[in-house]
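Participant: coords below, sequence missing:
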């Protein structure tokens, strides 16, 4: 199956509407080496006081080499208390993953992680299922 | 058969930041996989998740096929008052599943 | 000289005189996983297998037509009546005069007591009920019963475990007795203990039975797998449970 998808940078650009992205304030927890790309635990935490005037509005994840660049977009606010989210994602291959945070002043912050996905040697034949 | 599990502390102090976990049974079929007969399996994913505390939306997410099967999410909120937290997952066809949990705030 | 020694070693390896793992060295597959996958299993609120356990709890007290009976009608609260049961299965079945596994017993109960249709080994319902029952033994040691009637079947299971099969001519023992801890591709070869079934496998993105896992192994060595429900699987499980004696029940386990 041939799939066309935006590059990682194009996907980020479309999320930020072209605004510049700064490295920092985002702590991205993801294992550099994963046993199975079907469910990779990730956590993202953003430094923020999470007040009505200064908080994180969105946290998004993008990937470099899946069939689609988008992974998830979380919407937060001052009632979150803390800008921390966790989920489990799929990675089709070893690649770079980006966590992006949009703050209430319109700024974008990010962190990148390179992940190596090892493949299991003994995998089930799909025709059995 | 769909089952959702949500985890909210039963009690909290006013102003305390609490962690919430939510998980739902769902195949999250990507639309990129082929079935045994070589035909692509149609996409079938949860695409939106919302958590409300009382009437107010406190957290939401837009999900894509890169979210693992049986989606799991953890996030936090400030315990403001005793009440009900409701959770709602909406799939590609617009069908929704929901769950709820009570919290007592002192 | 070096070459000769190497050839000698290879010959030994390929003959593969399977040495049983000494009891003090027996370890659950849990210990071979990454800390991330371990955490996914250990925290109940993040273990996807708990979705099936929760559903099993609901099904346990759901009356089935036509008898209108639920599991709870006879067995009352599973939290009281089912503790330790999965840790001593498979058990000898008086009716068929052979061992029966937990899934088989649940189906037998459905047919005889509830008059309900039997469930397939891959169905969410049977996985859920079995996971719920097995979860009542979580944390308990595996303790196969001393029942001499099971012996010939357990020996048959051992024979299957040690038999070289398929185009690759590998036995279960060749990997899980002789080469556990080594790597096959990117994965560590575990010892192959059935401590946490039914379990959630990241590869499957789903819950699955021990029989599904054994079928995967058979296909892996390019052998023709037995059908679901085949007596050979129950015999192999009997042997595997004896081999895992003393290890802790983990249902619902998570594996990569």
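Facilitator: All right, it came through fine. Bear in mind the structure is a predicted one, so any value in this text is a computation, not a measurement.
Participant: hmm, the least confident helix or strand in chain A by mean pLDDT in reach of chain C?
Facilitator: Least confident element among the helices and strands of chain A, by mean pLDDT, DSSP states H and E: strand A:33-34 (a mean of 94). Yes - Strand A:33-34 reaches chain C (C-beta under 8 Å from any C-beta of the partner chain) through A:33-34. Backbone N, C-alpha and C define where each C-beta goes, glycine included.
Participant: what's the distance between the residue lying farthest from the centre of chain B and chain C?
Facilitator: Of all residues in chain B, residue B:37 has its C-alpha farthest from the mean position, at 32.5 Å, by C-alpha atoms, centre = their mean. Distance, residue B:37 to chain C, using C-beta to the nearest C-beta, to the nearest Å: 18 Å.
Participant: low-confidence ranges in chain C?
Facilitator: C:1-18 (pLDDT under 70).
Participant: Strand partners (parallel or antiparallel) of the least confident helix or strand of chain A?
Facilitator: strand A:108-117 (parallel) (DSSP bridges).
Participant: Need the contact partners of the strand it pairs with.
Facilitator: With contact meaning C-beta atoms under 8 Å, 6 or more residues apart in numbering or on different chains, strand A:108-117 is reached by A:12, A:16, A:19-28, A:30-34, A:36-37, A:40, A:44, A:46, A:91-103.
Participant: Now with 7 Å, please.
Facilitator: Contacts with strand A:108-117, where a contact means C-beta atoms under 7 Å, 6 or more residues apart in numbering or on different chains, come from A:16, A:19, A:21-28, A:30, A:32-34, A:37, A:40, A:46, A:91, A:93-103.
Participant: hang on, the earlier thing: what's the residue farthest from the centre of chain B sitting at in phi/psi?
Facilitator: Backbone torsions for residue B:37, taken as degrees, to the nearest 10, come to phi -90, psi 10.
Participant: Look up how far chain A lies from it.
Facilitator: 9 Å.
Participant: cool, residue B:9 as well?
Facilitator: Residue B:9 is 13 Å from chain A, by C-beta to the nearest C-beta.
Participant: Excluding chain neighbours, give the residue nearest to that residue in space.
Facilitator: residue B:18 (5.1 Å; C-beta to C-beta, 6 or more residues apart in numbering or on different chains).
Participant: And residue C:253, by the same measure?
Facilitator: In space, residue C:253 comes closest to residue C:196 once its chain neighbours are excluded; the distance is 2.3 Å by C-beta to C-beta, 6+ apart.
Participant: sec struct for the one you found, please.
Facilitator: What DSSP: H, G, I helix; E, B strand; the rest coil gives for residue C:196 is coil.
Participant: so who does it touch?
Facilitator: Applying C-beta under 7 Å, 6+ apart to residue C:196 gives the contacts C:250-253.
Participant: run the last query once more with 8 Å
Facilitator: Residue C:196 touches C:28-30, C:41, C:249-255, counting by C-beta under 8 Å, 6+ apart.
Participant: wait, is residue B:21 part of a strand?
Facilitator: Yes - the assignment for residue B:21 by three-state DSSP puts it in a strand.
Participant: in the sheet, who's paired with it?
Facilitator: Assessed by DSSP bridges, residue B:21 has beta-bridge partners residue B:7, residue B:74.
Participant: Spatially nearest residue to the closest residue to chain B within the stretch 151-256 of chain C, not counting backbone neighbours?
Facilitator: With C-beta to the nearest C-beta, the shortest gap between the stretch 151-256 of chain C and chain B falls at residue C:205, namely 3.9 Å. Among residues not flanking residue C:205 along the chain, residue B:69 sits closest, at 3.9 Å (C-beta to C-beta, 6+ apart).
Participant: So what's the residue count around that neighbour?
Facilitator: For residue B:69, the tally of surrounding residues (other C-beta atoms under 10 Å in any protein chain shown) stands at 22.
Participant: Please list the residues of chain A that sit near chain B.
Facilitator: Counting by C-beta under 8 Å from any C-beta, the residues of chain A that sit close to chain B are A:1, A:3, A:38-40, A:43, A:61, A:63, A:66-68, A:70-77, A:79-82, A:84-91, A:126-127, A:129.
Participant: ok, which of the residues you listed also contact chain C?
Facilitator: Among the residues of chain A next to chain B, chain C is touched by A:38-40, A:88, A:129 when using C-beta under 8 Å from any C-beta.
Participant: Show the contacting residues for the closest residue in space to residue C:183 that isn't next to it in sequence.
Facilitator: Among residues not flanking residue C:183 along the chain, residue C:189 sits closest, at 7.0 Å (C-beta to C-beta, 6+ apart). Residue C:189 makes contacts with C:175-176, C:179-183, as judged by C-beta under 8 Å, 6+ apart.
Participant: Take those and keep only those in helices.
Facilitator: C:175-176 (DSSP state H).
Participant: Select, from the contacts of residue C:189, the two members most distant in space.
Facilitator: Of all pairs drawn from these, the greatest distance, 13.8 Å, lies between C:176 and C:183 (C-beta to C-beta).
Participant: Of those two, which one has the most company?
Facilitator: residue C:176 (21 against 11).
Participant: how far does the helix or strand encompassing the residue nearest to residue B:9 sit from the chain's center?
Facilitator: Taking DSSP states H and E as the criterion, residue B:18 maps to strand B:17-24. Mean-position distance between strand B:17-24 and its chain equals 9 Å (C-alpha atoms, centre = their mean, to the nearest Å).
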